[in-house]
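S.K.: A structural model of the following input is requested.
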Amino acid sequence: MPSPTPPTADRRPHVREHHGDRFEDPYFWMKDLQDPALLAHLEAENAYAEARTEHLGALRRTLFEEIRGRVKETDLSVPVASGPWWYFSRTVEGRQYASQVRAPLTDPAVRPDPEADTVPGEQVVVDGNVEAGDHEFFSMGALTVSHDHRVVAFSVDTAGDERFDLTVRVVATGEVLDTALTGIGYGAELSRDGSFVFYTRVDDAWRPFQLWRHRVGGDAADDVLVHQEDDERFWMGVSSSRDERWLVLGLGSKTTSEVHLLDADDPEGEWRVVAPRRDGVEYDVEPAGDRLLVVHNTDTPDADLAWAPLDATSHEQWVPMLRSAEGERFVAVDAFDTATVLSLRSGGLTALRVLPRDPEQESGHGPAWDVAVDQPVHSIGLGDNPEPDQRAIQVVLESWTTPRSVLDVDLTTGERTLLKQQPVLGGFDPAHYAETREWAPAPDGTLVPVSVVHRVGVEPDGTNPGIVTAYGSYEISSDPYFSVARLSLLDRGVVFAVAHVRGGGEMGRRWYDDGKLLAKPNTFTDTLAAVDHLVATGWVAPDRMGLEGGSAGGLLVGAVLNLGPERFRVAHAAVPFVDALTTILQPDLPLTVGEWEEWGNPLADPQTYATMKAYAPYENVRAADYPAVLATSSLHDTRVYVTEPAKWVTRLREVVTSDPETRPVLLRTEMSAGHGGRSGRYAAWEQIAWEWAFVLDQLGATELLDG
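M.R.: Predicted coordinates:
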């Protein structure tokens, strides 16, 4: 039987001209997401992808059942004390979404058993399964409980376009108090008395740019505009302080920030700017009882910690408290009655530093100490800690091979108590897996950290299949995390590697700066350096190498394939930003203006234009043998339009010289999902199984290892 024929897209003349460069783009028309021709083309691509992978149906089912078989489907999170209640989430076998629940707190020293099937007096706060109803997609954008714990406000998205409808209701009775707010942005906060809710709205570019005040139970037409951000580089978000005394409005571009505070007891009062924005200065504020704590980069690129009076209105009132040391990057600060906890990066990994409060000291704190970690390669961060008077804090710790563990850490003694470790069924034994960190030399001599994860017994003998994944943008770090789904790769002998390339934040602010703007090409050459290192050291066979990345990591996939297509057997680009230059040249599109601080402004700067044109994946596909390619997207993705992978896949099929029978180029679009893919845990597992079946088949790694 002959193989199915891939879809062909209409060619419509379009020429882009900037800075003396002329680029013909016959698929520019795909930017119109309402064009029936585009929708028909996506459906045809889906049908083609299904037909070309029909033989993988059994493997997909096997992978799905492996993932499901490792998950304790009926489970609950570690209960957290807040006011007179224990709050936690519950999952139930057969249900897609978690329920947010609570139970009466009768004794703070007696936490409900996180392994129990039921908890006495349990009340449902919000059941995701009920709110999702019959919708194919469901996501929550806000969930906040009033100070008196009587009322919950939550927002939901049932399309995947990251626009939310908000509901306010009484927890105990289910009485609905308000449904007036629709199409709002992420986040919402109740005033201290629960009479008002603060929320954001988005502009035509889908940027949160307005903060509004709404009286619960009132008409949305009577809402009051609290703040409008006219600088198109800036986004906003609203939150509340841990002690619930303050509402916090955060405004930020990629390089500059500004924070406003409002007394939560005076919801109709005036917001106060903690320090007016200064170009290039980023700061974050944590109210800490009688003072403010501020993490800022005024003097140090990797940030310092300061304190300021509670009524501060200028950066000149910031008093130095702690400077970051060489190799450290201060990220955030959290205040408790007895100690301040600093989240930081050190040596390329995350860390938590405790500063006991001591008003007798000039610094305001006693000797600092770091929370102990046993694993050499790890991720550590604060868990849910809603009360300022906590004597112990919840900490989350995991690694590539160690399941997520929740611990209590005593702020005075440092003693750690394991509250719960993520249960992994199916005979999982962490001793069967190994993880190391290696260093790959980049062309300019920079050493790039590479995490290598594999099944014990898999040796660097030059025969193994492997997958390299990378991101490298926005100072986002690819830190270690445990995945039950990843075990299906490792158990088939796949070496899983993460390239911590420049443009991310693993090694501090300079690591980010050296992979953005005109230095962006470092991100791609760093990835190739990691790939070459894995081959040179024998971890991966040169003809069994896979590449994976999503969103900006999908741009990385496309750019790296153009630089060295012969190095790969298969590539998976998820919601990939592969038509980057075309998008960044259109300020009317979502995100574009705010992205100029990340990529540069090619409209105004010829050098930026030339740099982006040289690496933009869609524009640099060349006549060479490429690997098999799977691009995945979502119709309702508002961050990276489906336009981009649709154009890229069409271009690949036109230009590359590889055999389409053995190395197909596929596009699979979720027609009811957003940037994060399908919602619901079972639907997400099905999506992962579909994608990995394709990758494993191309790598020749479909069978489990013996033992």
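
S.K.: elements contacting the biggest helix by length in the chain?
M.R.: Criterion DSSP state H: the longest helix present in the chain is helix 681-699. For helix 681-699, the elements it packs on are helix 57-70, strand 466-469, helix 487-490, strand 545-550, strand 570-574, strand 628-634, strand 665-670, judged by 3 or more Cβ pairs under 8 Å, 6 or more residues apart in numbering; DSSP states H and E. All C-beta spots, glycine's among them, are computed from the backbone N, C-alpha and C.

S.K.: contacting residues around that helix?
M.R.: Among residues not part of helix 681-699, those counted as contacts by Cβ atoms under 8 Å, 6 or more residues apart in numbering are 53, 56, 59-61, 63-64, 67-68, 71, 91, 96-97, 465-467, 485, 488-489, 492, 494, 544, 546, 548, 569-570, 572, 574, 627-628, 630, 632, 663, 666, 668, 670, 677-678, 702.

S.K.: ranges for the helices of this structure?
M.R.: Taking DSSP H as the criterion, the chain carries its helices at 36-52, 57-70, 128-132, 487-490, 509-513, 521-536, 552-563, 580-584, 592-599, 606-615, 643-655, 681-699.

S.K.: pick the most deeply packed of those helices.
M.R.: Ranked by mean neighbour count under mean count of other Cβ atoms under 10 Å, these are led by helix 552-563, which reaches a mean of 27.

S.K.: that older thread, filter the contacts of helix 681-699 to the buried ones?
M.R.: Among these, the ones that count as buried by 16 or more other Cβ atoms under 10 Å are 53, 56, 59-60, 63-64, 67-68, 71, 91, 96-97, 465-467, 485, 488-489, 492, 494, 544, 546, 548, 569-570, 572, 574, 627-628, 630, 632, 663, 666, 668, 670, 677-678.

S.K.: which one of the helices of the chain lies closest to Arg22?
M.R.: Among these, helix 606-615 comes nearest to Arg22, with 11.4 Å by Cβ to Cβ.

S.K.: the closest one vs helix 521-536, what angle?
M.R.: 30 degrees (axes from the mean of the first three to the mean of the last three Cα atoms, to 10 degrees).

S.K.: and helix 606-615, how far out from the chain middle?
M.R.: Relative to its chain's centre, helix 606-615 lies at 27 Å (Cα atoms, centre = their mean, to the nearest Å).

S.K.: counting by contacts, list what that helix packs against.
M.R.: Packing partners of helix 606-615 (3+ Cβ pairs under 8 Å, 6+ apart): strand 21-24, helix 521-536, helix 580-584.

S.K.: hey, C-alpha coordinates of that helix in PDB?
M.R.: C-alpha atoms of helix 606-615 as PDB (Å, rounded to 0.1, in the frame of the first residue of the first chain):
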ATOM      1  CA  PRO A 606      19.200  46.700  11.000                       C
ATOM      2  CA  GLN A 607      21.700  44.700  13.000                       C
ATOM      3  CA  THR A 608      19.000  43.000  15.000                       C
ATOM      4  CA  TYR A 609      17.200  42.300  11.800                       C
ATOM      5  CA  ALA A 610      20.200  40.700  10.200                       C
ATOM      6  CA  THR A 611      21.000  38.600  13.400                       C
ATOM      7  CA  MET A 612      17.400  37.300  13.600                       C
ATOM      8  CA  LYS A 613      17.200  36.600   9.900                       C
ATOM      9  CA  ALA A 614      20.400  34.500  10.100                       C
ATOM     10  CA  TYR A 615      18.900  32.100  12.700                       C
END
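
S.K.: what angle separates it from helix 592-599?
M.R.: Going by the same axes, to 10 degrees, helix 606-615 makes 80 degrees with helix 592-599.
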